[in-house]
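S.K.: got a sequence here, can you model it:
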Amino acid sequence: MLAVMETHVALVVGEEEFLIDRAVRELTAAARAGFADAGDGGADVHEVEAGALTPGDLMALTSPSLFGGGCVVVVRGAQDASREVAAEITRYAAAPGQDAPDAVLIVTHAGGAKGKALVTDLAKAGARVIERPKLTRAGERTDFVKAEFRRAGRAADEDAVRALLDAVGSDLRELASAVDQLASDTEGRIGAAVVARYYRGRAEATGFSVADHAVEGRLTEALEQLRWALATGVSPVLINSALAQGVRLLGRVGAAPRGMNAAALAAAAGAPPWKIDRVRQQLRGWHPDGVARALQAVAEADAQVKGEWTSPGYALERAVRRIVACRAAR
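M.R.: Just a heads-up that it's a prediction; the model follows:
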């Protein structure tokens, strides 16, 4: 759990809403526990939007209660604070215990240029700064899922982590919830079979599953997965995006220097190392000219599923057939 009582002021910076919310919860719990350990009784918690604060509001929120006990004030979206309120927050951070010894202030900021001066000023004033940047790379989301399993006290195979990402997607809140469910409802080491049992349909009919079957030349399986994905509501645009990503990775990995290791290639291609290993296996049977024609097929399908054709499903099925044919051609 995060500690905050030593500074009385914490600043959480980042765009990842789930990670920001978790940090605020942990900081609030730590502060309340600190007040309880000090014999100050309970602690009131006040949450406000920075954009709604006016000068003087912060002093009122952090003022001691007539009934004793501490308080935790959470100011969200500090980038939206007015200049006067931002100055007030900074003054408070410079001497947090002077007027409100029993108050803890937690401030969130989305990062970026807007209100950036407040982040700098709070750091200089001695606030504890906690960075929670957005997870943009596939490897970062993989590490997140692994950390969630460790957090839950459970062991999970690499295949289980990949299967969960394929099934649930990239939303961190949904991924964390899925890990919690698997941790509470299962026993023993969690493998891909366990994930499939809980997320059958989602794990087996995503656009990435369709793409993997297509680039591996497995036409029947690719079409089955495509039809199931469409039947369960997967967006045709997302399916074609997965097809495009699968074919592009073939081109990037195929064009890489022969001795380049998976980690370096993964960094260059923007994919996790395990995916690079799989693409290298998928490249067997492909010729550079075939990859180029497959890229043309998914480019045409992209335009078709976005409105040029009345049947996105047919456009995707045609693209899958063309990709498989390109694999066999020279």
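S.K.: show me where the stretch 1-150 of the chain has its helices.
M.R.: 17-37, 57-62, 83-94, 96-99, 116-125, 138-151 (DSSP state H, counting those that start in this stretch).
S.K.: and the contacts of the third one?
M.R.: To tie it back to what came earlier, the one meant is helix 83-94. 9, 50, 53-59, 62, 75, 78, 81, 100, 105, 107, 115, 117-118, 121-122, 125-127 (Cβ atoms under 8 Å, 6 or more residues apart in numbering). Heads up, the C-betas are built off the backbone N, CA and C, glycines and all.
S.K.: circling back: lowest average confidence across the helices of the stretch 1-150 of the chain, which one?
M.R.: Of all the helices of the stretch 1-150 of the chain, mean pLDDT reaches its minimum on helix 96-99 (a mean of 62).
S.K.: ok, and the helix or strand in this structure with the lowest average confidence?
M.R.: Lowest on mean pLDDT, DSSP states H and E among the helices and strands of the chain sits helix 96-99, with a mean of 62.
S.K.: first to last residue in stretch 197-207, what's the distance?
M.R.: Across stretch 197-207, the terminal residues are separated by 19 Å (Cα to Cα, to the nearest Å).
S.K.: same question, stretch 123-136
M.R.: 26 Å.
S.K.: just stretch 128-145 next, same as before
M.R.: End-to-end distance of stretch 128-145: 26 Å, with Cα to Cα as the criterion.
S.K.: what's in contact with that stretch?
M.R.: Stretch 128-145 is contacted from outside by 2, 4, 6-7, 9-16, 19-20, 23, 27, 111, 119, 122-123, 156, 161-162, 164-165, 170, 172, 175, 179, 266, 270-273, 275, using Cβ under 8 Å, 6+ apart.
S.K.: what does stretch 291-309 give?
M.R.: With Cβ under 8 Å, 6+ apart as the test, stretch 291-309 has contacts from 215, 236-237, 240, 243-244, 247-248, 250-251, 254, 312, 315-316, 318-319, 322-323, 326-327, 329.
S.K.: excluding chain neighbours, what is closest to the residue nearest to the spatial centre of the chain?
M.R.: Note on the chain: the residue nearest the mean C-alpha position is L172, at 4.3 Å, using Cα atoms, centre = their mean. Take L172 and drop its neighbours on the chain: the residue closest to it by Cβ to Cβ, 6 or more residues apart in numbering is F18, 4.3 Å away.
S.K.: one step back: what subset of the contacts of stretch 291-309 is buried?
M.R.: For those, a burial check counting by 16 or more other Cβ atoms under 10 Å picks out 215, 236, 240, 243-244, 247-248, 250-251, 312, 315-316, 318-319, 322-323, 326-327.
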